[in-house]
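> quick one: sequence plus predicted model below, questions after.
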Amino acid sequence: MEIRTARDRAPSALESGRQERVPRVLPFFVRKIYRSKDFREGFADMLPACVGLVPFGLVCGVGAVAAGASIWGALGMSAIIFSGAAQIIAAQLLAAGAPIAVIILTCVVAGLRFLMYSAAIAPYLRPLPPRWQRALAFLLTDQAFAAAIRRFDAGANPRAGGLHFLGAGFALWLCWQITNVVGYFAGNLVPASWSMEFAVPLCFIALIAPHFKSAPQVGAGVLAGVAVVALDGLPMRLNLIAAGVVGILAGTAIDLAQARWTRR
Amino acid sequence: MDPTLKLWLVIFVVGALNFLSRLSFIAFFARRSIPPMLALALRYVPVAMLTALIVPMVLPGPPTVVPDLPTPKILATLVAGVVAWLTHSSLKTLTAGMVALWALQALYAAIG
């Protein structure tokens, strides 16, 4: 009798087999997120991007060693700063003995691109609760931004898109921590002849190449590249931030000139 | 300054400022749109800042010294740039760039 009643009852969502694999110790909302299809899809969607980030993460770990960081310092950089460009700059400038104000300023100018991502994704995240907005903002990176915009544009509702974004961001964050730690301990085992450090400029090239379509963008890139070489004599690697500002101003000026020209 | 203190100051200040940049328009300025001039300038941040980072990583030695021959890294960067521009794929860019670099290094070693 008892067996019959158990089988006749329609299985509720809480009794699905998948729940068994979720550790009981996790808080309820974590289990709920973990079971969500969108979260899992977001996680899986980012796995190819994670493979591409492996060499970059390893180089960042090696950079933390060069900057004289302990393993906790290296983890602090990867977990809290969570931005490859800022970590590379910080490691280079720390190793070069630059003053703290220069390090922070250069990292923050490189991080200004997050303002742009934030503005672009804000309309999609507006319906979500503040707690979600803060979590997703923390996980906003170049790759997660591109994936989330694609998902929202494909018509995902705020909740489903948010869960997908959370899965994607979490996959990238986890991959970043693992590769940074492996790089910290084992990065120096990779033979120098493999030129692994070359993966960093390659990752940046992949990020900026899609922008090289308009005159202002090409002008911004060319002038920043020329300026960083021309200003190499500046102390404390100030040429990085100076060249960045030159490029931004050049792009803006060309854009404004172009707009005025076409208006006539 | 104590190096450990300096490192952790950089971690927390840069971490906090990066987080605020990421959160800016999602939370604080959620009700207003981005000023047009700022939007225009921000459009050029990734290309300008990342190019300024890429160039010294690719040029050999002190960047003021112009090499008389294009080095494997410079040529591999150009290959990667073309692949990135055509495919928009980071994995293909990474693969093409690394394979080009290794092939060119082997070639340069062979011809001395």
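Looks like it arrived, so ask away.
> which parts of the stretch 1-150 of chain A are helices?
In the stretch 1-150 of chain A, the helices defined using DSSP state H, counting those that start in this stretch lie at A:2-8, A:17-20, A:28-35, A:37-45, A:47-66, A:71-76, A:84-95, A:100-110, A:113-125, A:130-138, A:142-153.
> tell me which of those helices lies nearest to B:Pro72.
Counting by Cβ to Cβ, B:Pro72 lies closest to helix A:47-66 out of the helices of the stretch 1-150 of chain A; the figure is 17.2 Å. In this view, the C-beta of every residue, glycine as well, is placed from N, C-alpha and C.
> now do that closest one: which elements does it pack against?
Helices and strands touching helix A:47-66, by 3 or more Cβ pairs under 8 Å, 6 or more residues apart in numbering or on different chains; DSSP states H and E, are helix A:71-76, helix A:84-95, helix A:142-153, helix A:158-186, helix A:199-208, helix B:90-111.
> weakest of the ones you listed in terms of mean pLDDT?
Per-segment mean pLDDT for those reaches its minimum on helix A:142-153, at a mean of 87.
> just the buried residues of the worst-scoring helix or strand of chain B on mean pLDDT, please?
Lowest on mean pLDDT, DSSP states H and E among the helices and strands of chain B sits helix B:36-42, with a mean of 87. The neighbour-count check on helix B:36-42 (16 or more other Cβ atoms under 10 Å in any protein chain shown) flags B:Leu40, B:Ala41, B:Leu42 as buried.
> ok, back up a step: for the helices and strands packed on helix A:47-66, which one sits closest to B:Arg22?
Here helix A:142-153 is closest among those (Cβ to Cβ), at 9.5 Å.
> show me what that closest one is packed against.
helix A:37-45, helix A:47-66, helix A:113-125, helix A:158-186.
> of those helices, which is nearest A:Val226?
Closest among these, using Cβ to Cβ: helix A:113-125, at 20.8 Å.
> near chain B at all, that closest one?
Yes: Helix A:113-125 reaches chain B (Cβ under 8 Å from any Cβ of the partner chain) through A:Arg113, A:Phe114, A:Leu115, A:Met116, A:Tyr117, A:Ser118, A:Ala119, A:Ile121, A:Ala122, A:Leu125.
> for the fifth one, which residues are in contact?
Think A:Tyr117. A:Leu140, A:Asp142, A:Phe145, B:Arg22 (Cβ atoms under 8 Å, 6 or more residues apart in numbering or on different chains).
> so which of those residues is surrounded by the most neighbours?
When neighbours are counted by other Cβ atoms under 10 Å in any protein chain shown, B:Arg22 leads the contacts of A:Tyr117 with 26 neighbours.
> in which helix or strand does that one reside?
Per DSSP states H and E, B:Arg22 falls inside helix B:3-27.
> flag every buried residue along that helix.
Within helix B:3-27, judged by 16+ other Cβ under 10 Å, the buried ones are B:6-8, B:10-11, B:13-15, B:17-27.
> the nearest residue to A:Met46 once chain neighbours are set aside: what's it in contact with?
If the residues on either side of it in the chain are set aside, A:Met46 comes closest to A:Ala171, at 4.0 Å by Cβ to Cβ, 6 or more residues apart in numbering or on different chains. Residues in contact with A:Ala171 (Cβ under 8 Å, 6+ apart) are A:Gly42, A:Phe43, A:Ala44, A:Met46, A:Leu47, A:Cys50.
> and the residue of the stretch 101-250 of chain A at minimum distance from chain B, what pLDDT?
Closest approach between the stretch 101-250 of chain A and chain B, counting by Cβ to the nearest Cβ: A:Gly247, at 2.5 Å. pLDDT for A:Gly247: 96.
> same for the helix or strand where it lies, what does it pack against?
Applying DSSP H and E as the criterion places A:Gly247 in helix A:238-263. The contact analysis (3+ Cβ pairs under 8 Å, 6+ apart) places helix A:238-263 against helix A:100-110, helix A:215-230, helix B:36-42, helix B:45-58.
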